[in-house]
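**Student:** Test case, fold it:
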Amino acid sequence: MAAQILKSEQHLVAEKPYYEPVGCEVALFQAAYNNQLPVLLKGPTGCGKTRFMEHMAWRLQRPLITVSCPTT
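**Tutor:** Below is the predicted model of the structure:
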């Protein structure tokens, strides 16, 4: 199986996704990003992890690739 080369410009979030901050998560994520610190998002299905990452990818103009990892 050959490796696939991904082009980052194909994975940019084009339109601003709807996201309503609940607390200071945007500022915390921005600070972690600015300091090159990793972030782990954890929570139940449907709590907004993917939506938050879509918003931050759009905000920071960074590519976003999502991977589903079911635990069944």
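**Student:** Disregarding residues adjacent in the polypeptide, which is nearest to residue 58?
**Tutor:** residue 13 (4.0 Å; Cβ to Cβ, 6 or more residues apart in numbering). C-beta coordinates here come from the backbone N, C-alpha and C atoms, glycine included.
**Student:** Please report how far the one you found lies from residue 69.
**Tutor:** Counting by Cβ to Cβ, to the nearest Å, the gap between residue 13 and residue 69 amounts to 21 Å.
**Student:** So those two - more neighbours on which side?
**Tutor:** Comparing residue 13 with residue 69 by other Cβ atoms under 10 Å, the one with more neighbours is residue 13, at 18 against 4.
**Student:** quick one, what contacts that one?
**Tutor:** With contacts defined as Cβ atoms under 8 Å, 6 or more residues apart in numbering, the neighbours of residue 13 are 54, 57, 58, 64.
**Student:** And residue 6, how far from residue 35?
**Tutor:** From residue 6 to residue 35 the distance is 26 Å (Cβ to Cβ).
**Student:** of these two, who's got more company?
**Tutor:** Per other Cβ under 10 Å, whichever of residue 6 and residue 35 has more neighbours is residue 6, with 10 against 7.
**Student:** pretty sure that one contacts residue 64?
**Tutor:** No - under the criterion of Cβ atoms under 8 Å, residue 6 is not in contact with residue 64, lying 11.5 Å apart.
**Student:** tell me the phi and psi of residue 63?
**Tutor:** Phi and psi for residue 63, reported as degrees, to the nearest 10, are phi -70, psi 150.
**Student:** What about it, how many residues nearby?
**Tutor:** Neighbours around residue 63, by other Cβ under 10 Å: 14.
**Student:** pLDDT wise, what is it at?
**Tutor:** With respect to pLDDT, residue 63 scores 95.
**Student:** now do residue 72
**Tutor:** 68.
**Student:** Use 779 as the first number for this chain going forward.
**Tutor:** Taking 779 as the first residue, the last one we looked at is residue 850.
**Student:** What's the local residue count around residue 833?
**Tutor:** 22.
**Student:** likewise residue 843?
**Tutor:** 9.
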